[in-house]
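Visitor: fold the following and give me the result.
(one chain, ligands or ions: 1)
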Amino acid sequence: MNTLSSLQDIVDVCERSPSYVRAIAPYQPGKPISELAREIGLEEESIIKLASNENPLGASPKALAAMRAALDEVARYPDGNGFELRTALAKMYGVAAARIVLGNGSNDVLEMAAHAFLEPGASAVYSQHAFAVYPLATQATGAAGIEVPARDFGHDLDAMGRAVRGDTRVVFVANPNNPTGTWIAADRLHAFLRKLPAHVLLVLDEAYYEYLDPGLRSDSLGWLEQFPNLVVSRTFSKAYGLAGLRVGFAFAHPQVAGLMNRVRQPFNVSSIAQAAAVAALADQEFVHKSRALNAQGMLALTTGFKRLGLSWIPSYANFVSFKVPNTAEVFQRLLRRGVIVRPIAGYGMPEHLRVTVGTGAENARFLAELEAVLTDLR
Ligand SMILES: *Cc1c(COP(=O)(O)O)cnc(C)c1O
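Guide: Numbers count the residues shown, from 1 in each chain. The predicted structure is shown next:
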């Protein structure tokens, strides 16, 4: 076959991809350290990545030990039902194991919710500046995405309630939200749930739950009994420090969980990830340490922003979005100095950059480089 006809073939085959798939704008991840090292010829050790809300403490030593032990069994398929991990989660949270769905990261459970409930002709509601996976997961099913304007960068729940249409099957809410760090109080969320039609699923994404002060947390799991249309998702990627392993979970009514499991890959969570997650869950000391370090670091960053005369969006998570003039240029100059933060123009916030709270040393380095960049640009 000559080159010309194979070119035509590839056009033909791609044109048969559904238009809603072709319309998807790819997810833009934070730049990996290795990539920046290759691009600018810096040593990897001299680069700090504060771009993907990863845990600067790494992972629990207990989780690491469990992973090493699990290596010996790697020739075997994982437990497709995730019995041990679901049992451990059920015990820890006082929720029946039948209500727990495991995911390859919580991204996976968000997609399962979308695939189990959305289709062309249906719609999903989410907020402006909300986590990028909601529109992606929605579009991949051919359903329509309804983006509701934010209010002070946070979810406008009243407007989101009004945006629900006859064909709406799912509403996505992130609490706290990424990349804004905004938080919704329990009473407001509960009122929203009470008003939501019972046939509309609320997918409540609590990826940063562990970073919240205990007094600010919703009793979202307690609401499951009253609201069969509630799905709560959590993850081991953030406070548990296991982002590279890909393991997350959701709580839902057993029948909703059953539907989500039907669209789940049979072995979506690896054996190593399952073993690590069980051990990580048992090490709440590590989670407490992570939250305490984050609170300290958040204070250091915001104190630094104040000193530099920059404004920021008060954040309840492990990152903070701040406003700088010449945003794209500041981002590039920080890269050249070995500091990776996250531009969020793709989230409709072209004047902000998002920085993840790092260790004390990383936060100080970031602030020093940011100050140098701003001085150079003045
Ligand atoms: C990071 C994040 C997730 C989780 O990502 P996974 O690694 O797939 O668990 C989910 N929701 C939000 C809002 C996030 O920021």
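
Visitor: thought residue 313 was touching residue 153?
Guide: Yes. Between residue 313 and residue 153 there is a contact under CB atoms under 8 Å: 5.2 Å. Placement of C-beta: from N, CA and C, glycine included.

Visitor: and the pLDDT at whichever residue of the chain sits closest to the ligand?
Guide: Closest approach of the chain to the ligand (CB to the nearest ligand atom) occurs at residue 105, with a separation of 2.6 Å. Looking at residue 105, its pLDDT stands at 98.

Visitor: hang on, the earlier thing: joint contacts of residue 313 and residue 153?
Guide: Taking CB atoms under 8 Å, 6 or more residues apart in numbering as the criterion, residue 313 and residue 153 both touch 180, 182, 321.

Visitor: residues from the stretch 251-378 of the chain in reach of the ligand?
Guide: Within reach of the ligand by CB under 6 Å from any ligand atom, the stretch 251-378 of the chain has no residues at all.

Visitor: low-confidence ranges in the stretch 251-378 of the chain?
Guide: Within the stretch 251-378 of the chain, not a single segment meets pLDDT under 70.

Visitor: show me where it has its strands.
Guide: Using DSSP state E, counting those that start in this stretch, the strands of the stretch 251-378 of the chain run over 319-323, 339-340, 342-343, 352-356.

Visitor: return the most buried member of these.
Guide: Neighbour counts (mean count of other CB atoms under 10 Å) averaged over each of the strands of the stretch 251-378 of the chain peak at strand 352-356, with a mean of 26.

Visitor: what's the pLDDT at the nearest residue to residue 90 once chain neighbours are set aside?
Guide: What sits nearest to residue 90 in space, not counting adjacent residues and going by CB to CB, 6 or more residues apart in numbering, is residue 97, at 4.2 Å. Note on residue 97: pLDDT of 98.

Visitor: and the gap between residue 97 and residue 311?
Guide: Using CB to CB, to the nearest Å, we find residue 97 at a distance of 46 Å from residue 311.

Visitor: so for those two, which residue has more residues nearby?
Guide: Using other CB atoms under 10 Å, the more surrounded residue of residue 97 and residue 311 is residue 97, with 17 against 11.

Visitor: so the closest residue in space to residue 165 that isn't next to it in sequence bridges to which residues?
Guide: Among residues not flanking residue 165 along the chain, residue 123 sits closest, at 6.0 Å (CB to CB, 6+ apart). Taking DSSP bridges as the rule, residue 123 bridges to residue 144, residue 168.

Visitor: what sits against residue 123?
Guide: 138, 143, 144, 145, 146, 165, 167, 168, 169.

Visitor: neighbour-wise, which one of the residues you listed leads?
Guide: Tallying neighbours with other CB under 10 Å puts residue 138 at the head of these, with 28 neighbours.

Visitor: which element is it on?
Guide: Per DSSP states H and E, residue 138 falls inside helix 133-139.

Visitor: output that helix as CSV, nothing but the C-alphas.
Guide: Provided in CSV are the C-alpha atoms of helix 133-139 (Å, rounded to 0.1, in the frame of the first residue of the first chain):
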residue,chain,number,x,y,z
VAL,A,133,-12.0,15.4,34.5
TYR,A,134,-15.8,16.2,34.8
PRO,A,135,-16.1,17.6,31.3
LEU,A,136,-13.7,15.0,29.9
ALA,A,137,-15.6,12.1,31.4
THR,A,138,-18.9,13.6,30.3
GLN,A,139,-17.8,14.2,26.7
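
Visitor: tell me the mean pLDDT for that helix?
Guide: 97.

Visitor: what sits up against it?
Guide: Applying CB under 8 Å, 6+ apart, the contact partners of helix 133-139 are 20-21, 23-24, 27, 107, 110-111, 113-115, 118, 123-124, 126, 144-145, 147, 170, 172, 174.

Visitor: now do the end-to-end distance for stretch 21-30.
Guide: This stretch, stretch 21-30, spans 23 Å end to end (CA to CA, to the nearest Å).

Visitor: quick one: the strands in the stretch 101-250 of the chain?
Guide: Remark: strands assigned in the stretch 101-250 of the chain by DSSP E, counting those that start in this stretch are 123-127, 144-148, 168-174, 201-205, 230-235, 248-251.

Visitor: ok, the residue lying closest to residue 192 once chain neighbours are set aside to residue 188 distance?
Guide: Leaving aside its chain neighbours, residue 192 sits nearest to residue 157 (4.6 Å; criterion: CB to CB, 6+ apart). Residue 157 sits 6 Å away from residue 188, going by CB to CB.

Visitor: okay, the two: which has more neighbours?
Guide: Applying other CB under 10 Å to residue 157 and residue 188 shows that residue 157 carries more neighbours, namely 21 against 14.

Visitor: check contacts around that one.
Guide: Contacts for residue 157 (CB under 8 Å, 6+ apart) come out as 173, 184, 188, 189, 191, 192.

Visitor: out of these, which are buried?
Guide: Neighbour counting by 16 or more other CB atoms under 10 Å classes 173, 184, 189, 192 among the contacts of residue 157 as buried.

Visitor: isn't the third one right up against residue 171?
Guide: Spelled out, that is residue 189. No. Using CB under 8 Å, residue 189 is not in contact with residue 171, being 11.3 Å away.

Visitor: all the helices of the stretch 251-378 of the chain, residue numbers only.
Guide: 254-262, 271-282, 284-307, 327-336, 360-377 (DSSP state H, counting those that start in this stretch).

Visitor: will you turn those helices into CSV that also has mean neighbour count and distance to residue 53?
Guide: Output for the helices of the stretch 251-378 of the chain, formatted as CSV (neighbours: other CB atoms under 10 Å; distance: least, CB to CB, whole Å):
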stretch, mean neighbour count, distance to residue 53
helix 254-262, 16, 24
helix 271-282, 23, 17
helix 284-307, 17, 10
helix 327-336, 17, 17
helix 360-377, 16, 13
